[in-house]
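> when you get a sec, could you give me coordinates for this:
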Amino acid sequence: MRIQSTTPESGPGQDPPEALDIDIYRSSVDRTKLLSVPAGTNPLDLSFPADLDKDLHKVLPYKTKVHLELGQPALGLDVKDIFAQIAAKGYAAHQLKVSSSIDMGIQFGRSKT
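Down below sits the predicted model:
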């Protein structure tokens, strides 16, 4: 990866496509931090801003050719954010996102008879 000393000015933004295949790289320091690029893109060929999370300076391949569609959920990924970042910067720096909840649905009291 090439790290730039200054953040480049972004060019005119384009609307993200409706579907995108990406390659996902995982930080070798913090396994929840990910770097996603369009499928087939070598991250070594990209320039990154100097303020890129230092944990993403060393990444390892994680998953290739992951198909994402806007409006469709993807486990652990914020699809809309990934599309927007790739459209703006050519890559997406993100983290795995997982949440869960439990609804017990228990009621206490007497039943009516």
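> so what's Ile55 up against?
For residue 55 the amino acid is Asp, not Ile. Contacts here follow CB atoms under 8 Å, 6 or more residues apart in numbering; on that basis Asp55 touches Ser27, Val29, Asp30, Lys33. Heads up, the C-betas are built off the backbone N, CA and C, glycines and all.
> just give me the closest of those to Val59.
Checking the contacts of Asp55 against Val59 with CB to CB, the nearest one is Ser27 at 5.8 Å.
> need the max-distance pair from the contacts of Asp55.
The two members of the contacts of Asp55 with the most space between them (CB to CB) are Val29 and Lys33, at 7.5 Å.
> more neighbours, these two?
Counted by other CB atoms under 10 Å, Val29 and Lys33 do not tie: Lys33 has more neighbours, with 19 against 13.
> was I right about that one contacting Ser27?
Yes. With contact defined as CB atoms under 8 Å, Lys33 reaches Ser27; the gap is 4.0 Å.
> any residues in contact with both of those two?
Common neighbours of Lys33 and Ser27 (CB under 8 Å, 6+ apart) are Asp53, Asp55, Leu56.
> redo those residues as CSV? Include secondary structure, pLDDT and distance to His67.
CSV is the format used below for these (DSSP: H, G, I helix; E, B strand; the rest coil; pLDDT from 0 to 100; distance: CB to CB, whole Å):
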residue, secondary structure, pLDDT, distance to His67
Asp53, coil, 95, 25
Asp55, helix, 96, 26
Leu56, helix, 95, 23
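> same list (these) but as TSV, adding distance to Ile102.
TSV is the format used below for the shared contacts of Lys33 and Ser27 (distance: CB to CB, whole Å):
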residue	distance to Ile102
Asp53	32
Asp55	31
Leu56	33
